[in-house]
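Trainee: Fold the following for me, if possible:
(one chain, ligands or ions: 1)
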Amino acid sequence: MKIKDLLVSGEKTFSFEFFPPKNYSSILELGINIGQLMKLSPSFVSVTYGAGGSTQDASFNLADYINNKIGLTTMAHYTCVNATKEKVAQDLDFFHEKNIENLILLRGDPPKGETKFNNKDGDFHFASDLIEFVEKQNRFCIAAAGYPEAHPEAETLEDDIERLKQKVDKGADFVVTQLFFDNTCYFDFVDKARKAGVKVPIIPGIMPITNFKQIKKFTNMFATKIPEDLIQQLESHQDDLAKTYKIGVDFAIKQCRDLIVNGAPGLHFYTLNKSRATVDIFSSIK
Ligand code: FAD
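Mentor: All right, here's what the predicted structure looks like:
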């Protein structure tokens, strides 16, 4: 099933992101959590690629397993870090053979320790180059990444939206956003993107807060703002995990309701391979 067909039908999509587990206990944990999340009948799930040092094989195997053994519509993440055209063509054959019809195509991040992306061994410089190459094959539904608070390397949000427009013009069928906590950032971004000519659905990315230290790390990495009153609540209970969990989940429930009521085409949850928070949020908004 191509995700763009679901989106065209106007039905709101609910989707979950997983990353390939690195050891035996995290494989078991992921299995249990996918089992819990399957009960929510997600529209699709996605599997990250190369993020956090995972290997290509682990990503491909997990995407294949979820798509073909579990039977959930799967979107594989794929980046062009140091990728040649031959290598990408081979990988696309793999996805096609495994009936994985949905890909989110990304540039990828600079290797650890480097601040500039230098794709000296690859044929692609930006995600839009990769999207153009894949689109020509006419086999896949393609998603691209969007940044409501601008990509950290972009000079302005307007520049970044122009780059997003290029990705859509080259063939992206929809956009999934970076995580954010302030919905006005998302709605302003969608508004600016529409004015710039980006017509495809823009699905917001949601990360439930369950751990204050971890979320501070992510927000620093992605240059994402947390509303001041939420920070204050989290800070005053930072050593109380149960209270932090409740604050985070209550916040996400309100955030998701507001997004859906005000026209977001769906919700994409960054689950971090855990199910509890997503299940609690989802059950409350369904
Ligand atoms: P691009 O769209 O190529 O943009 C990168 C930067 O270049 C931006 O600042 C943009 O403004 C600028 N730019 C674009 N085109 C041009 C141009 N023609 N000229 C000048 N500047 C230009 N990373 C992983 O490693 N694995 C994953 O699985 C993964 N999944 C992700 C999923 C989502 C939903 C999101 C939002 C991000 C994900 N990432 C992943 C992170 C992503 O790889 C990084 O954010 C990366 O730094 C940028 O990727 P991109 O596809 O947005 O790049």
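
Trainee: rest of the way, CA atoms for contacts and neighbours
Mentor: Will do.

Trainee: near the ligand, anything from stretch 37-47?
Mentor: No. If you take C-alpha under 6 Å from any ligand atom as the test, stretch 37-47 misses the ligand, and the best it gets is 6.9 Å.

Trainee: which parts of that stretch are buried?
Mentor: For stretch 37-47, a neighbour-count test (16 or more other C-alpha atoms under 10 Å) marks 37-38, 43-47 as buried.

Trainee: again, but for stretch 220-230
Mentor: For stretch 220-230, burial by neighbour count (16+ other C-alpha under 10 Å) applies to 222, 224-225.

Trainee: Repeat that for stretch 206-214.
Mentor: Within stretch 206-214, the residues that count as buried by 16+ other C-alpha under 10 Å are 206-212.

Trainee: Can you tell me what sits against it?
Mentor: Defining contact as C-alpha atoms under 8 Å, 6 or more residues apart in numbering, one finds that stretch 206-214 is touched by 179-181, 215, 234-235, 238, 241, 244-249, 252, 256, 267-271, 277-278.

Trainee: filter these down to the ones near the ligand?
Mentor: The subset of these within reach of the ligand, by C-alpha under 6 Å from any ligand atom, is empty.

Trainee: among those residues, which ones are buried?
Mentor: Buried members of the contacts of stretch 206-214, scored by 16+ other C-alpha under 10 Å, are 179-181, 234, 238, 244-245, 247-249, 252, 256, 267-271, 277-278.

Trainee: Go through those and flag which are in helices.
Mentor: Members of the buried ones among the contacts of stretch 206-214 lying in helices (criterion: DSSP state H): 234, 244-245, 247-249, 252, 256, 277-278.

Trainee: Get me the contact residues on the protein for the ligand.
Mentor: So the chain meets the ligand at 48-51, 77, 106-109, 126-127, 145-146, 151, 153-154, 160, 163, 176-178 (C-alpha under 6 Å from any ligand atom).

Trainee: List buried residues within those.
Mentor: Buried among those (16+ other C-alpha under 10 Å): 48-50, 77, 106-109, 126-127, 145-146, 151, 160, 163, 176-178.

Trainee: Show me the residues you listed that map onto helices.
Mentor: Mapping those onto helices (DSSP H) picks out 127, 160, 163.

Trainee: May I see those organised as CSV, with distance to residue 116 and pLDDT added?
Mentor: Listed next are those as CSV, based on distance: C-alpha to C-alpha, whole Å; pLDDT from 0 to 100:
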residue, distance to residue 116, pLDDT
127, 15, 98
160, 16, 98
163, 17, 98
